[in-house]
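A.B. asks: sequence and predicted model, in that order:
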Amino acid sequence: MFVKVPVNDDPDAPLHQREVQLDEILHAAHIGNVIGWGDSLGEGMFHRARRVAFTRIDLEVLETEAALTVLHAGLVRIGTPPGTEIHYTLGGRDLMDVYGAAGWLQGQPVPQAAGPRVRR
């Protein structure tokens with residue numbers, strides 16, 4: 001399971017604080033922990049610098065559905081931005097929940113990119 005958090009240009013954004021906060025949330029619920037994170041670059045043009053587009057936070061959880069409930073509430077509480085995604089596999093299907101103005105849009109199919117499939 002992983003969380004994909006868009007990076008905005010807000011200088012007050014809690015860059016790399018969410019990893020610690022998510023780890024604390026998962027530990028408090030006795031449901032899992034953060035096992036790593038990293039920044040990913042956005043689209044760019046040839047010979048132009050690409051900016052960081054999002055941070056991916058990898059999680060190890062004991063039970064997917066319980067973790068989703070905890071993550072939905074926890075991510076909102078720590079001020080996650082719209083466009084945040086939670087990626088997971090349930091019933092053999094790759095799914096994601098997407099946070100927006102109306103709350104969490106749950107159980108969305110993950111668009112498959114070209115290339116080999118990576119298990120989460």
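C.D. replies: Nice, thanks for sending it over. All values derive from a computational prediction rather than experimental measurement.
A.B. asks: buried residues in the worst-scoring helix or strand of the chain on mean pLDDT?
C.D. replies: When the helices and strands of the chain are scored by mean pLDDT, DSSP states H and E, strand 32-41 comes last with a mean of 87. Buried residues in strand 32-41, defined by neighbour count with 16 or more other Cβ atoms under 10 Å: 32, 34, 37. (C-beta placed from N, C-alpha, C; glycine too.)
A.B. asks: what segments of this structure are helices?
C.D. replies: Remark: helices assigned in the chain by DSSP state H are 18-28, 64-77.
A.B. asks: could you dump these into JSON lines with mean neighbour count, mean pLDDT and distance to residue 5 added?
C.D. replies: Below are these laid out as JSON lines (neighbours: other Cβ atoms under 10 Å; pLDDT from 0 to 100; distance: least, Cβ to Cβ, whole Å):
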{"stretch": "helix 18-28", "mean neighbour count": "17", "mean pLDDT": "94", "distance to residue 5": "6"}
{"stretch": "helix 64-77", "mean neighbour count": "17", "mean pLDDT": "96", "distance to residue 5": "8"}
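A.B. asks: and the gap between residue 96 and residue 18?
C.D. replies: Plainly put, residue 96 is 17 Å away from residue 18 if you go by Cβ to Cβ, to the nearest Å.
A.B. asks: and of the helices of the chain, who's closest to residue 83?
C.D. replies: Smallest distance to residue 83 across the helices of the chain (Cβ to Cβ): 11.7 Å, for helix 64-77.
A.B. asks: chain center to that closest one: distance?
C.D. replies: 11 Å (Cα atoms, centre = their mean, to the nearest Å).
A.B. asks: helices and strands around that helix, which ones?
C.D. replies: Helices and strands touching helix 64-77, by 3 or more Cβ pairs under 8 Å, 6 or more residues apart in numbering; DSSP states H and E, are helix 18-28, strand 85-90, strand 93-100.
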